[in-house]
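> Sequence and predicted structure below; questions after.
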Protein chains: 4
Amino acid sequence: MLPQAQCEIAVPFYDVDSMNVVWHGHYVKYLERARCVLLDNINYGYAAMKQSGYAWPVIKLSLRYARPAIFGQSLNVIARMTEWEYRLVINYEIMDIVTGHGLCKASSTQVAVNMETSETCLGSPAILEQQLKQSGYL
Amino acid sequence: MLPQAQCEIAVPFYDVDSMNVVWHGHYVKYLERARCVLLDNINYGYAAMKQSGYAWPVIKLSLRYARPAIFGQSLNVIARMTEWEYRLVINYEIMDIVTGHGLCKASSTQVAVNMETSETCLGSPAILEQQLKQSGYL
Amino acid sequence: MLPQAQCEIAVPFYDVDSMNVVWHGHYVKYLERARCVLLDNINYGYAAMKQSGYAWPVIKLSLRYARPAIFGQSLNVIARMTEWEYRLVINYEIMDIVTGHGLCKASSTQVAVNMETSETCLGSPAILEQQLKQSGYL
Amino acid sequence: MLPQAQCEIAVPFYDVDSMNVVWHGHYVKYLERARCVLLDNINYGYAAMKQSGYAWPVIKLSLRYARPAIFGQSLNVIARMTEWEYRLVINYEIMDIVTGHGLCKASSTQVAVNMETSETCLGSPAILEQQLKQSGYL
């Protein structure tokens, strides 16, 4: 089993555009917040990544929008890790917290980059497997 | 032939994260700006869309990141329309303006929604074809 | 007595700049969120304002920064209404949620604008006093 | 005489809120862009600041909004240095590029912080005066 996490977002006024819906680009922030919770849960958040000597840039991102989010709406963002051996893939679902209706599905792909050599790792470094195991996964 | 457009972006300080590169979510803004130029060029920008009775929400967005952008870098964002009959697909390329090196490729898909009925159109409304023809395309 | 409200902010990664602190412009978002809580508490949030026929644009904003906020820090944002009769003035304090250390003090001034005539009201419309009284203030 | 600079902003769609005007917090980005041009002009932009061993955090910011900016509007942002000896004060004016009508006036105050000791300098370090003189000011 692989980790999953969730976070709640109350859509702020400044994310809503003149069509009265959340501008599609702001969803990337919501994904980031759920991903941060997930990675913190396995003790491999930004600080731990840096300390481990690896940056994990997002190299691929895709989103599918089904329903628009509106001002004040409470959203539930779920992040699920689906791959970790060669690259880190996380899938996301954004839902209305009350009705459960799906608003957006998304996926991000990250790869490890050795911060000293700036080289992209062919496989995920041992530290990721370690953190997963120590957190009770795998 | 279908329209294409470009715009120049000077990476602002507030788009750069603590890894000293543009945070991946900000690229969506750069795409939006190039798309706005493209649609303005065929006289079918946001105001004209609204006036035509159709909203064109983005229903799909994907990005592939090859190289990070940094503070002060001048970027060239190219937007190319590739489909328009059933949905509006625009492909993007973000490059360093000096070296021409590619940083990011992306694609957005939009569909027409009748603003009165809130119904998604099965095909693009006649107005889009009209604007394309009047601007010398098709 | 006049209303006050608070909200908690967990500093997100995308608000942190290359100096490893929250870029000063992002604090305006934190103020907005606390102000929204305050106005919701007296049933005069954005939707109620619109329904009442008045927009309340911010005409003045000032911020003083004492300490920088960093990634992951939990902030407490307090908003206190200090004037309402002629214009709506709200003062803010942003503190570290654990230590209580102050990071930022700010103040916003809003005036009522009649949405039909686009005219700025010389005094706050009766609805604001009403909402304050019905919520147990004044 | 002290330096001044300007930059042009085309209001992007994603800066406009559901009241069809630029959300007041986004103006801080426009100020930042004009300030960057001004500081680049005297060869003391972010990179040069860092290299000189000083960070220049904004410790005070104030804005007065006169007219709202709207989508697509072309703005002219003017930045004028007014103090530099003890702290760096820059005043701003945002105007419609066509009519010259003023939309916003603002002011930012920055102080030098020694990046090694993290101590705030009582006066601006010599490097600022030097850059001003070498650029033909003072």
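Arrived safely.
> and the residue positioned nearest the centre of chain A, what does it touch?
Residue closest to the average C-alpha location in chain A (Cα atoms, centre = their mean): residue A:35, at 2.9 Å. Taking Cβ atoms under 8 Å, 6 or more residues apart in numbering or on different chains, we find residue A:35 in contact with A:79, A:90, A:92, A:108. Bear in mind the C-beta positions are built from the backbone N, C-alpha and C, glycine included.
> And those, which is closest to residue A:17?
The shortest approach to residue A:17 among the contacts of residue A:35 belongs to residue A:92, at 21.1 Å (Cβ to Cβ).
> Show me what the closest one is bridged to.
Under the criterion DSSP bridges, residue A:92 forms beta bridges with residue A:79, residue A:106.
> need the contact list for it.
A:31, A:34, A:35, A:77, A:78, A:79, A:80, A:104, A:105, A:106, A:107, A:108.
> Tell me the secondary structure at the spatially closest residue to the fourth one that is not a sequence neighbour.
In space, residue A:77 comes closest to residue A:34 once its chain neighbours are excluded; the distance is 4.0 Å by Cβ to Cβ, 6 or more residues apart in numbering or on different chains. Taken by DSSP: H, G, I helix; E, B strand; the rest coil, the conformation at residue A:34 corresponds to helix.
> contacting residues for residue A:34?
A:5, A:6, A:7, A:77, A:78, A:79, A:92.
> In this structure the first one contacts residue A:90, no?
In other words, residue A:5. No: taking contacts as Cβ atoms under 8 Å, residue A:5 lies outside contact range of residue A:90: 9.4 Å.
> Report the separation between the residue nearest to residue A:77 and chain D.
21 Å (Cβ to the nearest Cβ, to the nearest Å).
> cool, and residue A:135?
Residue A:135 is 35 Å from chain D, by Cβ to the nearest Cβ.
> Can you report phi and psi for the nearest residue to that residue once chain neighbours are set aside?
Nearest residue to residue A:135, sequence neighbours excluded (Cβ to Cβ, 6+ apart): residue A:42, at 4.2 Å. Taking degrees, to the nearest 10, you get phi -100, psi 20 for the backbone angles of residue A:42.
> where's residue A:42 relative to residue C:10, distance?
For residue A:42, the distance to residue C:10 equals 18 Å [Cβ to Cβ, to the nearest Å].
> Between these two, which is the more surrounded one?
residue A:42 (22 against 14; other Cβ atoms under 10 Å in any protein chain shown).
> check contacts around the residue lying farthest from the centre of chain A.
Distance from the C-alpha centroid of chain A, by Cα atoms, centre = their mean, peaks at residue A:18 (27.1 Å). Residues in contact with residue A:18, defined by Cβ under 8 Å, 6+ apart, are B:46, D:13, D:16, D:17, D:18, D:20, D:71.
> Could you report the pLDDT at the second one?
Residue D:13 carries a pLDDT score of 98 in this model.
> tell me the contacts of it?
Neighbour list for residue D:13: A:17, A:18, A:23, B:32, B:36, B:46, D:71 [criterion: Cβ under 8 Å, 6+ apart].
> tell me, what's touching residue A:5 and residue A:90 both at once?
A:38, A:79.
> In terms of packing, which of the two has more residues around it?
Neighbours per residue, other Cβ under 10 Å: of residue A:5 and residue A:90, the larger number sits with residue A:90, 25 against 20.
> Now do the same contact list for the more buried one.
Residue A:90 neighbours (Cβ under 8 Å, 6+ apart): A:35, A:38, A:79, A:80, A:81, A:82, A:107, A:108, A:110.
> Can you flag the buried ones in those residues?
A:35, A:38, A:79, A:80, A:81, A:107, A:108, A:110 (16 or more other Cβ atoms under 10 Å in any protein chain shown).
> For residue A:81, list the residues it contacts.
Contacts of residue A:81 (Cβ under 8 Å, 6+ apart): A:2, A:3, A:4, A:38, A:88, A:89, A:90.
> residue contacts, the second one?
Read it as residue A:3. Counted by Cβ under 8 Å, 6+ apart, residue A:3 has contacts A:38, A:41, A:42, A:80, A:81, A:132, A:135, A:137.
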